[in-house]
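Q: 3D model of this:
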Amino acid sequence: MKRTLTLSLAAGLLGTTALAADKEVTIASWGGSYQEAQSKALFQPAEEATGIAVKEVTYGGMSDVRLQVSSGQVTLDIVASGSGSAARAAAEGLLEPLDYDVIDVSNFYPTLYSDHCVGGDVFSTVYAWNTDTFGEDGPQSWADFWDVEKFPGSRAYRGKVAGALEPALMADGVAPEDVYDVLASEEGITRALDKIRELKPHIDVFWSSGAQHAQLMKDGEVDMTTGWNGRFDNAKKDGGKVAYSFNQALLDYDCFAVPKGAPNRDTAMEFLAEISKPEYQDDLPKYITYGPTNKAAYDTGVISEETAAGLPSSPENAAMQLPVSLDWYAEWETTAAEMYQEMLTE
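A: The predicted structure follows:
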């Protein structure tokens, strides 16, 4: 009887393993050091823990999802996306609604997930300065970034509208909590553009990529720039004379979405639930200086106080920042982008 029970239990375990082995997901991200970090911290450990087979690919963003969905030939189950891109894709009907009965976001910051995309990491758009020019006492607000008398020198600024208008309004005296209310009209967008026009004579470069703005600071080509905190951390590691502040920064995130018609939709939900757990997210900072979206990741003991102090989503740093409004980008980005490009070509 005991032998029969043992054999039955063994057979049951084998059956469970076989069922898990039948499950698979194809995950698309952007390659390079970013996807390598995701793979080491999230994808590979979750594959081992769940038995869900993971196929990793690189892709060109939501334009690839749009093509697959429109053709009815969807091969991707999970895609990494910027939060704004995911908001626009969801508005177009390109994404599946996520199952939050399966994916636990009870410990997530409320601004770091949406109906169609769950946060995977947090980054910040900050102002950075050359420490050879200003020492450690650089600008501490967007008003300082605009103050060319107090902080003389050349600037660089983003050449696309995302993350460009909000700093201008804060520099113009708008309280962070009121920024998106003001931007919800063409008059408000014009106000932000006028503030950028004011600074434009001092902007030597309108940057187009993270690699570019990091290189500008590393080479000392400008005295200040806007940009992404992780890129500046890498530039500093490479010898760049750069510092930045999280005060009034824009708190943003990358997220994971499921394309409409994904062949393994339910398995994708299971996998997203797994990699959203704190015991995975607390490993992210080992490989890239972006913060976890799950607040509980700061309580596992893996992220040291020193490391946490430099992460965008640590409670102290997050409290100083303006969370990016996906609702605003979904509704206004197209209009604002056209107006921004007109300003750039004046």
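Q: please name the bridge partners of Ala53.
A: As for beta bridges, Ala53 partners with Glu24 under DSSP bridges.
Q: need the contact list for it.
A: Ala21, Lys23, Glu24, Val25, Glu47 (CB atoms under 8 Å, 6 or more residues apart in numbering). Just so you know, the C-beta spots here come from the backbone N, C-alpha and C atoms, and that holds for glycine as well.
Q: try it again at 10 Å.
A: Residues in contact with Ala53, defined by CB atoms under 10 Å, 6 or more residues apart in numbering, are Ala20, Ala21, Asp22, Lys23, Glu24, Val25, Thr26, Glu47, Asn264, Thr267.
Q: most neighbours, which of these?
A: Within those, neighbour counts (other CB atoms under 10 Å) peak at Val25, which reaches 27 neighbours.
Q: hmm, Leu272 and it touching each other?
A: Yes: look at Val25 against Leu272 with CB atoms under 10 Å: they come within range, at 9.1 Å.
Q: and for the two, which residues touch both?
A: Contacts common to Val25 and Leu272, judged by CB under 10 Å, 6+ apart, are Ala46, Asp77, Ile78, Val258.
Q: let me have the contacts of Ala53 in TSV, adding distance to Gly310 as columns.
A: Output for these, formatted as TSV (distance: CB to CB, whole Å):
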residue	distance to Gly310
Ala20	38
Ala21	40
Asp22	42
Lys23	37
Glu24	36
Val25	32
Thr26	33
Glu47	29
Asn264	37
Thr267	35
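Q: just for this structure, where's the confidence low?
A: 1-21 (pLDDT under 70).
Q: grab the longest strand from it for me.
A: Taking DSSP state E as the criterion, the chain has its longest strand at strand 242-257.
Q: give the buried residues for that strand.
A: Using 16 or more other CB atoms under 10 Å as the test for burial, strand 242-257 gives 242-246, 248-257.
Q: what's the distance between Ser154 and Phe43?
A: Distance, Ser154 to Phe43, using CB to CB, to the nearest Å: 41 Å.
Q: where do the strands of the stretch 201-346 of the chain begin and end?
A: Taking DSSP state E, counting those that start in this stretch as the test, the strands found in the stretch 201-346 of the chain are 203-207, 224-228, 242-257, 322-323.
Q: so what does the shortest one touch, helix or strand wise?
A: Translated: strand 322-323. Strand 322-323 sits against strand 118-130, helix 165-171, helix 179-183, strand 242-257, with contacts defined as 3 or more CB pairs under 10 Å, 6 or more residues apart in numbering; DSSP states H and E.
Q: which one of these lies closest to Ala143?
A: Closest approach to Ala143 among these (CB to CB): helix 165-171, 5.0 Å.
Q: centre of the chain to the closest one, how far?
A: Centroid displacement of helix 165-171 relative to its chain, using CA atoms, centre = their mean, to the nearest Å, is 20 Å.
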